[in-house]
Every structure is written in structure tokens, then in C-alpha cells.
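Asks: Here is my input; please provide its structure:
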Amino acid sequence: MGDTFRRRAVGVPWALGRFVTAALAPVAAVLAGSWVTAAVYRHTADELFYLAMLVVGLAALTVHVTVLHYGSARESVPRAVMAAAATAVLLGASVYGTVTPGWTDLQARHERGVAVTGVVERRWSRGTDDTGGLGPPPSHYLTARAPDGTRWTVETDPSDKDLEVGRPVLFTYDPRHEFRPTLGPVPGAPPWIVRTVALYLLCAGSLTAAAACALPRPRRPEQQPAGPRPTDA
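Replies: Residues are numbered from 1 along each chain as shown. Sure, this is the predicted structure:
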């Protein structure tokens with residue numbers, strides 16, 4: 001009786017801890033990773049952004065696979081349920097992590113972007129096409145001078161013939177320098193439905209996997225209690 005009570009006293013908090021950890025770890029990995037990649041997207045070169053996406057994606061995938069593998073070891077959970085949870089977690093995480101950098105950048109430009117018409121002073125590019133398709137394509141830029149004399153670097157399309165040197169150009173910049181200037185006027189608010197649905201899908205899958213992780217492991221044959229010994233006739 002005392003051993004059973006002690007096992008339950010230890011087992012309940014341990015099961016609760018497994019549930020909380022398994023529920024929060026995938027969501028926290030995706031949210032933190034998305035914040036990191038969004039910050040890199042706004043402030044650094046494209047090559048570092050792709051590297052950050054790769055590193056963050058592998059780290060988040062490791063967390064997801066660990067949680068899902070731990071939950072799938074519970075034989076009382078139907079395989080179809082764990083398959084649905086894994087699909088929801090991986091699909092929600094990949095969609096949310098992919099759209100978040102561009103979404104946050106567009107939201108920042110919408111909230112505090114300033115549109116101004118400047119003059120193109122220079123056009124230039126960075127990168128080459130001789131990577132065999134393995135690396136990112138070359139990036140093309142222009143330098144525009146605003147009416148107040150400040151100069152801004154804006155990414156552009158090399159095929160746009162209306163942006164020759166000396167031509168006027170409309171672009172949007174951030175007075176706080178927290179996002180890169182872009183061509184065109186201040187954009188509208190970004191759509192939220194895809195990002196929100198992906199987050200809900202991730203949370204639903206994480207909660208399902210967490211419920212599986214909270215269940216006790218099935219007993220091995222050597223752990224099964226011994227049955228009554230047969231009596232001699």
C-alpha cells in the first residue's frame with residue numbers, strides 16, 4: 001500500500017511535467033526560431049538568412065521529432081492519432097516558420113513605413129550566376145537619394161528599365177532602420193489567416209502529442225506482476 005502511494009505521488013507530477021514540456025517545447029521552438037529568422041531577414045544579408053533558416057529549422061525539427069517519438073512509444077495511443085499529431089506539428093511549424101519573416105517585415109512596413117520619391121543614383125548587383133543552381137541567385141540593388149539628401153539602398157529587379165540612373169523612384173523606408181527599404185508605396189496590412197491557422201495547427205498537434213507523452217509507458221513482460229501459481233490437484 002505504501003509503495004503504491006509513493007509511486008502515484010511521484011508519477012502524477014512526473015506525468016504533468018512531461019505534458020507541459022511536450023506541449024510547450026514544439027511551440028516555443030517555432031516561435032523563438034521564427035523571431036530569430038525574422039530578425040536576420042530584416043538586418044543581414046540574404047546568405048546569412050538562408051543559413052539561419054537552415055540552422056533554426058534543423059533545431060526545431062529535432063525538438064519536434066523527439067517529442068513525437070516519445071509520445072509514439074505509448075502503445076495505448078492509436079497510431080492514427082499520433083500520425084495526425086505529427087502531421088499537424090510538422091505542417092504547422094513549417095508553414096508558420098516560412099511565412100513569419102516576410103509577414104513581420106510587411107507588418108512593420110505597414111505600421112511605420114514612410115513613402116518618398118527619390119532619384120536613382122546608381123544600380124549595382126551582388127553575387128554571381130555561376131553557382132550551378134546550388135546557391136542563391138544574384139541580388140540587384142539601386143541607390144536612391146531622398147529629397148532630404150539621405151541615400152537608401154533598395155533591392156530591385158534588373159529587368160525594370162524604368163529605374164535607370166537619374167529617374168525618379170518611389171520607395172518606402174523605416175525611420176528606425178528596422179527593415180530594408182522597398183520599392184513602392186506603404187503596403188497594406190498583411191493577411192493573418194495563413195499564419196494564424198498554422199499556429200493553431202501546431203498547438204493542436206503539440207497538445208495531442210503532449211497527452212500521449214503524459215501516459216505511462218507500457219510494462220515490459222518482465223515487469224508484469226506474476227499471476228497466481230497453479231495449485232496441485
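
Asks: mind listing what residue 152 touches?
Replies: Neighbour list for residue 152: 118, 143-144, 146, 171, 173, 181 [criterion: C-beta atoms under 8 Å, 6 or more residues apart in numbering]. (Each C-beta comes from the backbone N, C-alpha and C, glycine too.)

Asks: Also residue 71?
Replies: So residue 71 contacts 22, 77, 82, 85, 209-213 (C-beta under 8 Å, 6+ apart).

Asks: how distant is whichever strand or helix holds residue 116 from the center of its chain?
Replies: Residue 116 belongs to strand 114-126 when assigned by DSSP states H and E. The chain centroid and the centroid of strand 114-126 are separated by 32 Å, computed with C-alpha atoms, centre = their mean, to the nearest Å.

Asks: quick one: strands adjacent to it?
Replies: strand 139-145 (antiparallel), strand 168-173 (antiparallel) (DSSP bridges).

Asks: Next, format the ones you listed as a markdown table and append mean pLDDT.
Replies: Output for the strands paired with strand 114-126, formatted as a markdown table (pLDDT from 0 to 100):
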| stretch | mean pLDDT |
| --- | --- |
| strand 139-145 | 87 |
| strand 168-173 | 92 |
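
Asks: Tell me which of the ones you listed approaches residue 31 most closely.
Replies: In terms of C-beta to C-beta, the element of these nearest to residue 31 is strand 168-173, at 27.3 Å.

Asks: Output the contacting helices and strands for whichever helix or strand comes after the closest one.
Replies: Using DSSP H and E, the helix or strand that follows strand 168-173 in sequence is strand 182-183. Contacts defined by 3 or more C-beta pairs under 8 Å, 6 or more residues apart in numbering; DSSP states H and E place strand 182-183 against strand 151-156, strand 168-173.

Asks: The residue nearest to the spatial centre of the chain is in what secondary structure piece?
Replies: Central residue check for the chain by C-alpha atoms, centre = their mean: the C-alpha nearest the mean position is that of residue 97, 2.3 Å away. For residue 97, the host element (DSSP H and E) is helix 79-112.

Asks: which parts of stretch 58-77 are buried?
Replies: Going by neighbour count (16 or more other C-beta atoms under 10 Å), the buried part of stretch 58-77 is 60, 63-64, 67-68, 70-72, 74, 77.

Asks: meant to ask about stretch 43-63
Replies: Buried residues in stretch 43-63 (16+ other C-beta under 10 Å): 46, 49, 52-53, 56-57, 60, 63.

Asks: Narrow these to those in helices?
Replies: Members of the buried residues of stretch 43-63 lying in helices (criterion: DSSP state H): 46, 49, 52-53, 56-57, 60, 63.

Asks: now the strands paired with strand 114-126 in CSV, with distance to residue 192 and mean neighbour count?
Replies: Listed next are the strands paired with strand 114-126 as CSV, based on distance: least, C-beta to C-beta, whole Å; neighbours: other C-beta atoms under 10 Å:
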stretch, distance to residue 192, mean neighbour count
strand 139-145, 29, 19
strand 168-173, 21, 18
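
Asks: And those strands: which comes nearest residue 185?
Replies: It's strand 168-173; of the strands paired with strand 114-126, that one is closest to residue 185 (C-beta to C-beta) at 6.4 Å.

Asks: Low-confidence ranges, the chain, go.
Replies: Low-confidence segments of the chain (pLDDT under 70): 1-12, 44-47, 74-76, 127-137, 161, 217-233.

Asks: how about 50 then?
Replies: In the predicted model of the chain, residues 1-10, 221-224, 232-233 satisfy pLDDT under 50.
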